[in-house]
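Chemist: Make a model of this:
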Amino acid sequence: MTLVLFILSALAYGAATFAYGAERSEDHSRDGGPQRWGRLALAVAGALHVGAIGAQCVEGDHPFKNIFLATSFGTMIAVGCYLPLSRRGRLVPLGAVLAPLGLIGLVLGVVFSGLGEGVVPGAKGLASAHVGLASLGLAGFALAAGVASLYLLAERRLRNKVFRPGRGGMSLTGLDRLHHRLVLVVTPVFTLAIVTGVLWILELGGPDSLEGRAFELAAAGVAWVASVGLLIARAARGTRGRRAAMLTLVAFAAILGIVIWYGVNAS
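Modeler: Presented below is the predicted three-dimensional model:
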């Protein structure tokens, strides 16, 4: 069953990627066209992705088993959160990023599901909490980074006086507001992921075990400082726009570094 759901979901993600790509490269009327089909295909892919993860859980390959399954879970959440945000034609270009991102997460979760032995007995509660919170943090920062990228692209077009009349989308103010709200929600989640991760490591091996996690802790620190600094700067000095978007991209890059680090060490 997992294989069938995997193939169907991968095909749907591929169709969504193609549809969003056509939307970007062709001139369409206001009724949508490929955009509408792309969103539909992405919704179907997300639903099948949920089914594939459920089938894997039945087989014992749950999202807490290894970084690849957790990444699959996180990208599925990101796709699920994007769909309601993209209603009425808003954030359309972000679909062209999330469709292949969801496909990558799906493939990683299925192909590398057999790696790892799951959470360590005696630390199961902290491990489960950490992986779950980290998956939510990955999904949230993926969305925030996508919106930040859209903001930077829209700002650049505005500065260069490159306009695309007749196209739907959010204004710079709308993108900045949505970006801030996403960071505001995901930062506490990511903070809890860091705390539970450190407590889990300490429970397993004591303070000495932190020495082998230098890169992971440093990257998490960079992401946390960037996101918290963004919120503080906005509250205290009204920092927004380009600087805020860049800080979010720094935080997301650091989180991707952690995922890659985990993946390399797990394999």
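
Chemist: Please give the element, helix or strand, for the closest residue to residue 67 other than its chain neighbours.
Modeler: Nearest residue to residue 67 in three dimensions, chain neighbours excluded: residue 262, at 3.9 Å (C-beta to C-beta, 6 or more residues apart in numbering). Where C-beta positions appear, they are placed from N, C-alpha and C, glycine not excepted. If you go by DSSP states H and E, residue 262 is part of helix 242-266.

Chemist: Could I get the buried residue list for that helix?
Modeler: For helix 242-266, the buried set under the neighbour-count rule, 16 or more other C-beta atoms under 10 Å, comprises 244-245, 247-252, 254-259, 262-263.

Chemist: From the contact counts, what lies against it?
Modeler: The contact analysis (3 or more C-beta pairs under 8 Å, 6 or more residues apart in numbering; DSSP states H and E) places helix 242-266 against helix 67-85, helix 124-159, helix 172-205, helix 214-237.

Chemist: now the third one against helix 242-266, angle please.
Modeler: For helix 172-205 against helix 242-266, the angle between stretch directions is 30 degrees (axes from the mean of the first three to the mean of the last three C-alpha atoms, to 10 degrees).

Chemist: tell me the mean pLDDT over helix 172-205?
Modeler: Across helix 172-205, the average pLDDT comes to 88.

Chemist: List the buried residues for that helix?
Modeler: So for helix 172-205, counting by 16+ other C-beta under 10 Å, buried means 175-176, 178-180, 182-183, 186-187, 189-194, 196-198, 200-201.

Chemist: quick one: low-confidence parts of the protein?
Modeler: Applying pLDDT under 70 to the chain flags residues 23-35, 88-90, 116-124, 162-169, 266-267.

Chemist: Got the domain ranges for it?
Modeler: By the assignment in automatic domain parsing, the chain contains the domains 1-115, 119-267.

Chemist: Report the separation between residue 137 and residue 161.
Modeler: Distance of residue 137 to residue 161, computed by C-beta to C-beta, to the nearest Å: 38 Å.

Chemist: So between these two, which is more surrounded?
Modeler: residue 137 (26 against 6; other C-beta atoms under 10 Å).

Chemist: OK, contacts around the nearest residue to residue 158 once chain neighbours are set aside?
Modeler: Excluding the flanking residues, the one nearest residue 158 by C-beta to C-beta, 6+ apart is residue 172, at 7.0 Å. Residues counted as contacts of residue 172 (C-beta atoms under 8 Å, 6 or more residues apart in numbering) are 151, 154-155, 158, 241.
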